[in-house]
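Visitor: Pasting the sequence and the predicted coordinates here, then a few questions.
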Amino acid sequence: MLQKVSVFLLIFSGAYIAALGADPEPENIKAIRLIVEKHCVSCHKESKMEGGVLLEGFNEEKRIARSGHLWMKALKLVQEGEMPPMSKPRMSHEEQDTLVKYVNQILNNALKEGASNPGRVVARRLSHDEYRYSVLSLTGVDFDAKAYFPADGSGGAGFDNFARTMFLTPLKMERYYDAADIILEKAYADEKLWRTLVPNPYQESFWQQIVNWFITVFSSTTTADIAAEKAEKVIIPFASKAYRRFLKPEEKEPLLNLFKKVYEGTEEENRYELAVKETFKTVLLSPKFLYRIEDEQPLGQPFALSNFELANRLSYFLWSTFPDQELFEVAYRDDLHNPAVLSKQVQRMLKDPRAKRFSESFSTQWFGISKLKETSPVDPERFPEFTPSLRKAMYQEMSDYFHHVLTERKNFLDLLDSDYTFLNEELARHYGIPGVRGEQMRKVTLQDRTRGGILGMGSVLTATSLPLRTSPVLRGKWVLEEILGTPAPPPPPDAGQLPEEEAAAEGASIRDLLVFHRSKPDCQSCHQKMDPVGFGLENFDAIGRWRNSYGDQPIIAWDTLSSGEVFNGPMELKKILLTKKEAFARVLAEKMFTYSIGRSVEFVDETYMKQLVDNLLQNDFNTEMFMIELVNSYPFRYKVNDNTDKFKVLTKK
């Protein structure tokens with residue numbers, strides 16, 4: 001026994017001595033730490049997180065891998081020379097190469113380890129638009145869900161179908177209950193619509209009626225049983241559509257039992273209709289309708305969605321509703337995971353008028369103009385000409401334009417610049433474009449490229465203005481974030497603001513005020529990126545009209561971007577943006593990925609993001625080829641359970 005203890009102590013002490021003499025910090029981590037401590041930590045530490053960025057304490061590879069997106073952005077800024085800022089000592093070429101080399105090695109290894117992780121998508125409640133269009137497909141009733149339900153919270157990466165923000169509050173559940181009543185009452189009140197949903201069960205032959213009578217008299221079958229047998233042919237297809245799949249046997253029985261209970265509990269002449277209506281209401285209130293639920297599987301690895309689940313993802317992505325009969329049959333008959341089958345359905349669905357729902361929802365939310373449909377962002381006394389009808393036309397211009405780009409022109413670069421837009425008479429007059437008559441929106445070829453593309457649209461120009469005036473800062477910030485994906489850091493707490501009364505005065509030069517503002521050292525780093533872009537759009541006033549001066553002072557719309565390009569006015573600015581294709585492709589891919597799947601892009605998605613970006617760059621931003629690539633991607637077609645610990649490492653926050 002004593003001998004065993006001695007051996008143990010000898011081994012333990014040897015290991016302890018070896019540990020004391022060993023360097024516990026790997027070479028790559030040590031090199032990264034020393035460079036970051038020298039150049040970054042003074043501004044990005046626990047007590048001073050400039051821009052909300054913390055670069056302190058990354059002392060192991062796993063921690064760097066978990067914050068992969070943060071490090072990717074940091075490396076990009078370092079390589080572009082934007083970090084450290086000009087006011088700080090610069091990194092040597094050797095330091096920059098070392099940091100980039102070691103961080104990229106860690107991130108690439110992490111991506112290889114998580115290459116088969118499609119990311120986690122939680123059960124997702126229907127958005128207000130999805131509820132509206134699902135109800136329309138199911139019952140024929142067009143119910144304005146946005147006007148009736150409480151607004152959903154923000155924080156959904158800019159989109160209203162973001163899974164983790166789709167909460168169900170007690171108030172919303174109460175509204176769902178009332179909405180089901182309203183919807184079914186409207187359907188019931190419309191005889192033609194109701195008979196489409198519920199064919200008359202009593203239109204049967206005299207002999208069938210005699211048979212039914214004999215069944216009830218000479219067997220234990222009741223009239224409720226016979227009625228339920230008829231109702232089953234109506235209720236089960238209705239519920240199958242609502243639940244977006246075939247019903248399981250255990251799901252059918254409660255619905256039919258409810259029908260019988262209501263049927264037997266009333267003596268009214270129309271009790272069959274009332275029982276069907278009450279059963280329909282139960283379906284509309286079921287989580288299986290209100291939520292897009294994808295089954296979990298007892299697997300410790302990613303698994304493919306079922307054909308019906310994949311059909312639902314596709315249909316809600318492109319149509320904001322459940323699959324139509326053809327897609328439902330394809331999901332039943334064929335393998336939707338077959339790229340040829342899935343691609344054919346994408347092409348078909350993009351040609352369908354229902355794809356306009358996607359164009360409106362995606363474009364107006366991406367470009368931040370969705371609120372323009374309900375409210376005016378400008379001061380009504382300052383801009384009385386900004387009428388509700390003009391607002392509506394501006395909103396429609398964006399939606400129609402994006403849909404044309406998606407389905408006709410099939411080139412996403414038209415979003416940045418083109419020689420056409422969509423106008424009616426009022427909007428054309430607002431833009432100073434002659435020859436357009438009538439209220440109907442239509443495609444109009446432009447004489448110059450001032451207006452072509454989203455930067456010339458009144459909706460964007462108004463949404464990026466203040467109530468009383470334009471804001472080059474807001475417009476520049478918008479372009480950096482929504483077009484180039486290179487947001488400026490947030491302002492320091494003591495940055496201050498322009499004197500609003502002075503800035504909003506007639507004839508005030510916004511450029512002069514901002515040049516003074518950005519001369520402050522604390523403001524310079526942000527404004528030297530944002531302001532030049534915004535100045536390029538200053539010829540457009542706060543509601544998107546063209547102007548050449550602030551009162552008597554001519555507008556100077558030329559400037560130099562932080563990347564060095566010189567431009568004069570919106571047309572030349574758009575030409576520069578067209579040269580930044582990779583940055584625009586990345587933003588487009590991230591936005592579309594987030595909208596289609598309902599979650600943020602995570603570091604584990606980098607392999608798939610690169611494929612999407614490459615698809616755009618290699619195919620001249622072809623819309624159809626990109627959409628097909630997206631829905632055939634691994635994260636769109638696969639999922640992973642919550643309890644799959646193996647895949648939590650890279651996604652853990």
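Guide: Cool, the structure landed.
Visitor: in the chain, what spans have low per-residue confidence?
Guide: 1-24, 51, 86-87, 113-115, 153-156, 201-222, 489-527, 642-653 (pLDDT under 70).
Visitor: ok, now with 50
Guide: Scanning the chain for pLDDT under 50 picks out the ranges 1-2, 4-21, 214, 217-218, 500-505, 517, 644-653.
Visitor: per-domain residue ranges of it.
Guide: 7-111, 124-292, 354-463, 465-579, 582-647 (automatic domain parsing).
Visitor: wait, which of those domains is closest to L305?
Guide: domain 582-647 (6.0 Å; C-beta to C-beta). All C-beta atoms are positioned from the backbone trio N, CA, C, and that covers glycine.
Visitor: Break down the stretch 501-650 of the chain into its strands, ranges please.
Guide: With strands called from DSSP state E, counting those that start in this stretch, the stretch 501-650 of the chain shows them at 549-550, 553-554, 558-560, 566-568, 638-639.
Visitor: Parallel or antiparallel, which strands does the first one pair with?
Guide: Looking at strand 549-550 with DSSP bridges, its paired strands and their directions are strand 553-554 (antiparallel).
Visitor: Measure how far the strand it pairs with is from the centre of its chain, please.
Guide: 41 Å (C-alpha atoms, centre = their mean, to the nearest Å).
Visitor: Which parts of this structure are strands?
Guide: According to DSSP state E, the chain carries its strands in the segments 44-45, 48-49, 124-125, 291-292, 303-304, 420-423, 442-445, 549-550, 553-554, 558-560, 566-568, 638-639.
Visitor: so which of those comes closest to A393?
Guide: strand 420-423 (7.6 Å).
Visitor: Now do that closest one: which elements does it pack against?
Guide: Using 3 or more C-beta pairs under 8 Å, 6 or more residues apart in numbering; DSSP states H and E, the elements in contact with strand 420-423 are helix 388-404, strand 442-445.
Visitor: again, only this time at 10 Å
Guide: Packing partners of strand 420-423 (3 or more C-beta pairs under 10 Å, 6 or more residues apart in numbering; DSSP states H and E): helix 388-404, helix 425-431, strand 442-445.
Visitor: starting at the chain centroid, how far to it?
Guide: 25 Å.
Visitor: what's next to that strand, contact-wise?
Guide: 393-394, 396-404, 409, 414, 427-431, 433, 435-436, 440-446, 449, 451-454, 456-458 (C-beta atoms under 10 Å, 6 or more residues apart in numbering).
Visitor: Show me the helices in the stretch 101-250 of the chain, by range?
Guide: With DSSP state H, counting those that start in this stretch as the criterion, the stretch 101-250 of the chain has helices at 128-139, 145-148, 170-189, 191-197, 206-218, 223-243, 249-264.
Visitor: could those be laid out in JSON lines, adding distance to N312?
Guide: Listed next are the helices of the stretch 101-250 of the chain as JSON lines, based on distance: least, C-beta to C-beta, whole Å:
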{"stretch": "helix 128-139", "distance to N312": "11"}
{"stretch": "helix 145-148", "distance to N312": "19"}
{"stretch": "helix 170-189", "distance to N312": "20"}
{"stretch": "helix 191-197", "distance to N312": "22"}
{"stretch": "helix 206-218", "distance to N312": "38"}
{"stretch": "helix 223-243", "distance to N312": "10"}
{"stretch": "helix 249-264", "distance to N312": "17"}
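Visitor: quick revisit: can you lay out the strands of the chain as TSV showing mean neighbour count and distance to L34?
Guide: Listed next are the strands of the chain as TSV, based on neighbours: other C-beta atoms under 10 Å; distance: least, C-beta to C-beta, whole Å:
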stretch	mean neighbour count	distance to L34
strand 44-45	18	15
strand 48-49	12	20
strand 124-125	22	45
strand 291-292	20	49
strand 303-304	16	44
strand 420-423	22	54
strand 442-445	13	59
strand 549-550	16	52
strand 553-554	11	53
strand 558-560	15	36
strand 566-568	15	39
strand 638-639	20	40
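Visitor: Put together CSV for the ones you listed, with distance to L284 on each row.
Guide: Listed next are the strands of the chain as CSV, based on distance: least, C-beta to C-beta, whole Å:
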stretch, distance to L284
strand 44-45, 50
strand 48-49, 47
strand 124-125, 14
strand 291-292, 13
strand 303-304, 30
strand 420-423, 36
strand 442-445, 39
strand 549-550, 56
strand 553-554, 60
strand 558-560, 55
strand 566-568, 54
strand 638-639, 26
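Visitor: Minimum distance to L612: which of those strands has it?
Guide: Comparing the strands of the chain by C-beta to C-beta, strand 638-639 comes nearest, at 15.8 Å.
Visitor: Next, count neighbours for L136.
Guide: By other C-beta atoms under 10 Å, the residues close to L136 number 15.
Visitor: can you pull the contacts of it?
Guide: 142-143, 183, 320-321.
Visitor: Is Y291 in contact with A123, as I believe?
Guide: Yes: the pair Y291 / A123 is scored as a contact, 5.0 Å apart, by C-beta atoms under 10 Å.
Visitor: Next, show the common contact partners of those two.
Guide: 163, 166.
Visitor: how close does the nearest residue to R354 once chain neighbours are set aside get to F289?
Guide: Distances taken as C-beta to C-beta, 6 or more residues apart in numbering place W319 nearest to R354, at 4.2 Å, with adjacent residues excluded. For W319, the distance to F289 equals 17 Å [C-beta to C-beta, to the nearest Å].
Visitor: And T196, by the same measure?
Guide: 19 Å.
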